[in-house]
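Peer 1: Mind folding the following:
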Amino acid sequence: MSKVRIKLFEDNHYSLKFLYRKKIDVYNIEYSNDGNIYTIEEKDLEKLELDNPEILSYKGIRSLFIKLKRNLYFLISIVLAIFVMCISSRVVINVNIVHSNKDIRALVEDELYDLGIKPFIFKKSFSELQKIKEKIKNDYPENIEWLEIVDDGMRYTVRVEERIITEDEEEKPYCDIVSTKDAVVLNIVSSKGQSVVGQNDLVKKDSTLISGQIMFNESVKSHVCAQGEVYGNTWYRVNISVPYEHETKEFSGKSKSNVGFEYGSTYGRVFKVHYSEYEVAKKKIFSLGSFAIYKEKVSEYQTKKDEYTEEEALEKALEEAREKLLLKLDKNATILNEKVLQSSTYDSIINVEVFYSVKELIGKRVEREIQIEEGKEELE
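Peer 2: Numbering: from 1, shown residues only. You can find the predicted model right below:
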């Protein structure tokens with residue numbers, strides 16, 4: 001049942017009597033100085049016997065049809081856009097092969113093309129992609145170690161790992177493992193050669209840790225290329241400066257969703273961001289060539305100037321000193337001890353010198369020349 005809102009300019013009392021006399025049901029009255037608004041059934045419009053009744057709006061199914069008619073072109077464009085996106089999301093417009101070797105890229109590109117993986121084709125199913133990968137790997141076992149085809153929007157990204165057949169490295173006839181720095185030996189494991197230092201020994205840089213000379217009864221019986229790992233206790237000093245004043249981001253908790261679009265190096269947004277300071281987290285939801293659409297979450301924050309206490313500034317300095325030290329060390333190194341040697345403040349900046357005791361690998365292999373005494377022959 002459709003209803004309609006009409007405006008009658010007559011006196012309210014007269015209008016109600018008029019509607020009652022015409023046997024027209026009134027569902028709602030909106031009072032106004034220039035004429036009241038009445039909600040009646042659409043079929044009762046004829047009973048009014050007015051030439052051009054002022055109809056303000058419709059309710060019910062009629063209202064829905066009117067809104068659809070008013071927004072018909074907009075709705076059609078949305079449906080077409082969704083249809084195009086659905087179709088285009090099933091189309092591959094680019095095949096990107098990721099590998100540094102151009103010969104491998106050319107090989108894989110040719111094979112994929114022959115097997116139907118090429119631009120401007122409909123995407124293949126997961127099982128079809130698996131069969132294609134296995135076929136290429138089986139056809140070229142000496143060239144390809146691993147291959148993966150990733151569905152990346154309207155693009156296939158193909159990652160390849162080349163199979164590299166390496167010949168066994170020729171072992172040097174004689175080499176020692178020597179220290180790379182001054183240290184105290186913490187642990188030594190020799191798999192080939194003879195250890196010439198022990199735990200807790202102080203060693204200098206370039207001193208021999210594991211010798212490739214095989215000794216027996218104080219004479220050299222043979223030479224090998226020494227192998228093993230030596231961990232030592234080493235020492236470092238790190239100087240760091242940290243200002244007491246610093247800036248932090250204080251998030252207000254307010255956030256808005258937005259839509260961003262990117263074309264080449266140009267990036268824009270559908271809605272303007274009214275926050276003076278904000279952080280954006282975005283996720284790609286659609287891409288077509290160099291064009292992409294992103295879903296954004298824009299979070300408001302305020303830059304707050306703050307000042308460390310003396311304890312906080314010292315802790316921040318130690319944190320940065322550790323990061324600075326770890327950049328110099330390999331992943332197997334461990335900080336054993338940390339000690340502040342001196343700390344001073346000048347011009348709102350804390351200057352800290354920190355001493356570190358570190359456990360790390362200190363051995364490296366160095367090739368040596370075999371010296372055979374005249375008239376003697378090395379025993380195997």
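Peer 1: For the stretch 51-200 of the chain, just list every one of the helices.
Peer 2: Here the stretch 51-200 of the chain has its helices, by DSSP state H, counting those that start in this stretch, at 61-70, 72-88, 102-114, 126-139.
Peer 1: Excluding chain neighbours, give the residue nearest to residue 254 in space.
Peer 2: The spatially closest residue to residue 254, leaving aside those adjacent along the chain, is residue 300, at 4.5 Å (CB to CB, 6 or more residues apart in numbering). C-beta here means a position set from N, CA and C on the backbone, and glycine is covered the same way.
Peer 1: neighbours of that neighbour, just the number please.
Peer 2: 18 (other CB atoms under 10 Å).
Peer 1: Now do the same contact list for the closest residue in space to residue 369 that isn't next to it in sequence.
Peer 2: Nearest residue to residue 369, sequence neighbours excluded (CB to CB, 6+ apart): residue 174, at 7.2 Å. Counting by CB atoms under 8 Å, 6 or more residues apart in numbering, residue 174 makes contact with 212, 213, 223, 224, 225, 367, 368, 369, 370.
Peer 1: distance of the residue nearest to residue 254 from residue 274?
Peer 2: Residue 300 sits 9 Å away from residue 274, going by CB to CB, to the nearest Å.
Peer 1: swap in residue 350?
Peer 2: 39 Å.
Peer 1: Residue 301 too?
Peer 2: For residue 301, the distance to residue 274 (CB to CB) stands at 14 Å.
Peer 1: Among the two, which residue is more densely surrounded?
Peer 2: residue 301 (17 against 9).
Peer 1: bridging residues for the more buried one?
Peer 2: Taking DSSP bridges as the rule, residue 301 bridges to residue 251.
Peer 1: What values do phi and psi take at the residue nearest to residue 369?
Peer 2: For residue 174, the backbone dihedrals are phi -150, psi 120 (criterion: degrees, to the nearest 10).
Peer 1: Equivalent analysis for residue 230, please.
Peer 2: Here residue 230 shows phi and psi, under degrees, to the nearest 10, equal to phi -130, psi 120.
Peer 1: got the contact list for it?
Peer 2: So residue 230 contacts 177, 179, 185, 187, 188, 189, 197, 209, 210, 361, 362, 363 (CB under 8 Å, 6+ apart).
Peer 1: How many neighbouring residues does the first one have?
Peer 2: The burial count assigned to residue 177 is 27, neighbours taken as other CB under 10 Å.
Peer 1: Would you state the helices of the stretch 251-380 of the chain in chain order?
Peer 2: All helices of the stretch 251-380 of the chain, identified by DSSP H, counting those that start in this stretch, fall at 310-326.
Peer 1: what bits of it have low per-residue confidence?
Peer 2: 289, 372-380 (pLDDT under 70).
Peer 1: so where is the stretch 1-150 of the chain shaky, pLDDT-wise?
Peer 2: 1, 9-13, 49, 51-53, 60-64, 66-67, 70, 86, 88-89.
Peer 1: so where do the strands sit in the stretch 101-250 of the chain?
Peer 2: 121-122, 144-152, 155-162, 175-179, 183-192, 194-195, 202-203, 208-211, 213-216, 219-223, 227-243, 245-263 (DSSP state E, counting those that start in this stretch).
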